[in-house]
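**Q** dropping the sequence and predicted coords here.
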Amino acid sequence: MGYPIQLVGLEGKRVLLAGGGPVAAEKIVPLIHAGAHVHLVTPDVSAEMEEWLPKVWRFDRREVTDDDVPGAKVVVGATDDGDVNARLVAVAREHGILAQAADDKPNCDFYSPAVVRRGPVVMTISTDGGSPMLAGQLRRALEAAVPRSLTDVAELLVQLRERGMKGLANRGRMLRALFDPTITRLVDTGDTDAAADRLMELFDEDEEPFEPGTVAIVGAGPGSRHLLTLRALDRLQRADVILHDALVEEEVLRLALPATEIVDVGRRSRAMEPKAEPADAERIPLMIEHARAGKRVVRLHGGDPFVFGRGGEEVDALAEAGIVWEVVPGVSSVIASGASAGVPLTQRDVAKGFTVRTGHDTAGPTRGELPPDEETVVVLMGLGAARDVLAGLVAEGRSPDTPALAVSGASRPGERVVVGTLATLADRIQEAELPAPATLMIGEVARRALNEQDRNRAAAKRGPRATVVAV
Ligand code: SAH
């Protein structure tokens, strides 16, 4: 059993290389990379060797002689004449010099590996001296398979190690951080210093919780992966299983890591006619089953889970089953369609609000006015005038007992939700000194927030940021 030469201590040392053919060209690679002063002696130079000539320390275009040997640190005989190679080795050994004759196992004190380099990453291939050609083939295969950009990533990793980031407890987190868009962009621009800085920062930032056995109900946005939120991407890439709607595009699903189980729980067809959908009765137990099996479950909805997405039913079932859940909002088609059409949903002095309604419900197509108690009203910029706004909704015919709530700083660190009814919410907002920006939501759906039991569940079981519910 032989070993590839450990390319240590060749830096600046003369290495005699005899031969100019493809075999010699393979031999020169590790020597040049080791920083050796390659003394090339050959009457003929092949195309393969030609490209290395600028890196050669000294080139003598002639036959090699015994006199070339003394004083060399290492001697490599790679001419096409086996006898010449063997003789060089014999002379070298007399002088106590390590030597190697190409394709001549007994005359090898070491083997020269084929080398693929990507910055600090060095991949060496050895066939135990058996077949330099095979090693060369493998080298070319590796050259093609390992991307050049690995050089920059590898340099980044070396930097991180130098800064003390070793033995990472969480390699998954490391890999995710490496593929953080900021990092990849900085690496692409060759700014590994900035990339290392940002990576260290990412590690110092607390990761949002997504524990095994919990469910993230995630909005995938309207289609394009570019409209996914960073939080949605994070959950997608940490999920053990993704249960997705038919509306979720393939390009979004492809962002999941290879080991992730991906299950289509949507309608089997996107045909126009409303098809028999897999009932919540099938979909929800599947979700619960996966969570109970200790998996991180992502339930992925098109658009936003809480806009005609049945997210409400799912949350109820999870709370009932005692499973921790969170909702990650998505860009709803409500919003995305306006953007695609270049049409604002509101415009000063033109449209003071907009209505979103389903065209089709369990009772069939929706027509005409919606009964006030079947419609959720969302009011933006209504905190200051909350008292008037809420009274106005009662004047329009809604019951003063209609549930209503105000969300302040949604998704921000200090987010708060204040609940009440059309009759009481204004007082509650005042008592709570709820800060702007805030949004009001009025309608039967707000009842779940009014319900004491739900509120307790919400506080105990919510995901990344527990909402403070003041009453
Ligand atoms: N939760 C989704 C809506 C689900 S209902 C959301 O927030 O967007 C399904 C309906 O959404 C479709 O019938 C269609 O009216 C609308 N929709 C979904 N994706 C859309 C898209 N990319 N463009 C236009 N409408 C879309």
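**A** Perfect, thanks for sending it. Numbering: from 1, shown residues only.

**Q** burial count for the residue of the chain found nearest the ligand?
**A** Scanning the chain for the residue nearest the ligand gives residue 303, at 1.9 Å (criterion: Cβ to the nearest ligand atom). Using the backbone N, CA and C atoms, a C-beta is placed for each residue, glycine as well. A count of nearby residues for residue 303, using other Cβ atoms under 10 Å, gives 26.

**Q** next one: the one 4 residues further on
**A** The tally of other residues near residue 307 (other Cβ under 10 Å) stands at 19.

**Q** which ones are touching it?
**A** Contact partners of residue 307, counting by Cβ atoms under 8 Å, 6 or more residues apart in numbering, are 332, 333, 334, 356.

**Q** domains of this structure?
**A** The chain is divided into the following domains under automatic domain parsing: 14-112, 149-204, 214-334, 372-469.

**Q** save those as CSV, and put in distance to residue 134 and mean pLDDT too.
**A** CSV is the format used below for those (distance: least, Cβ to Cβ, whole Å; pLDDT from 0 to 100):
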stretch, distance to residue 134, mean pLDDT
domain 14-112, 11, 93
domain 149-204, 24, 74
domain 214-334, 30, 89
domain 372-469, 53, 85
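
**Q** let me know which of these is the nearest to residue 347.
**A** For residue 347, the closest of the domains of the chain is domain 372-469, at 13.8 Å, according to Cβ to Cβ.

**Q** at which residues are the helices of the stretch 301-450 of the chain located?
**A** With DSSP state H, counting those that start in this stretch as the criterion, the stretch 301-450 of the chain has helices at 311-321, 333-341, 386-395, 425-432, 447-450.

**Q** out of these, flag the one nearest residue 214.
**A** Closest approach to residue 214 among the helices of the stretch 301-450 of the chain (Cβ to Cβ): helix 311-321, 8.9 Å.

**Q** show me which residues of the protein sit near the ligand.
**A** Within the chain, the residues that sit near the ligand (Cβ under 6 Å from any ligand atom) are 222-223, 247, 301-304, 307-309, 332-333, 337.

**Q** next up, the contacts around residue 393.
**A** So residue 393 contacts 372, 377, 402, 422, 442 (Cβ under 8 Å, 6+ apart).

**Q** ok, the second one touching residue 445?
**A** Right, residue 377. No: Residue 377 is beyond contact range of residue 445, at 10.4 Å (criterion: Cβ atoms under 8 Å).

**Q** and the two? Which one has more around it.
**A** Higher neighbour count among residue 377 and residue 445: residue 377, with 21 against 14, using other Cβ under 10 Å.

**Q** hey, what's the closest residue in space to the more buried one that isn't next to it in sequence bridged with?
**A** In this structure, residue 377 finds its nearest non-sequential neighbour in residue 442, 4.5 Å apart by Cβ to Cβ, 6 or more residues apart in numbering. Beta-bridge partners of residue 442, counted by DSSP bridges, are residue 377, residue 404.

**Q** count of residues packed around residue 442?
**A** Look at residue 442: counted by other Cβ under 10 Å, it has 25 neighbours.

**Q** residues contacting it?
**A** Residue 442 is in contact with 376, 377, 378, 379, 390, 393, 398, 402, 403, 404, 422, counting by Cβ under 8 Å, 6+ apart.

**Q** how about a cut-off of 10 Å?
**A** For residue 442, the contact set (Cβ atoms under 10 Å, 6 or more residues apart in numbering) comprises 372, 375-379, 382, 389-390, 393, 398, 402-406, 421-422, 425.
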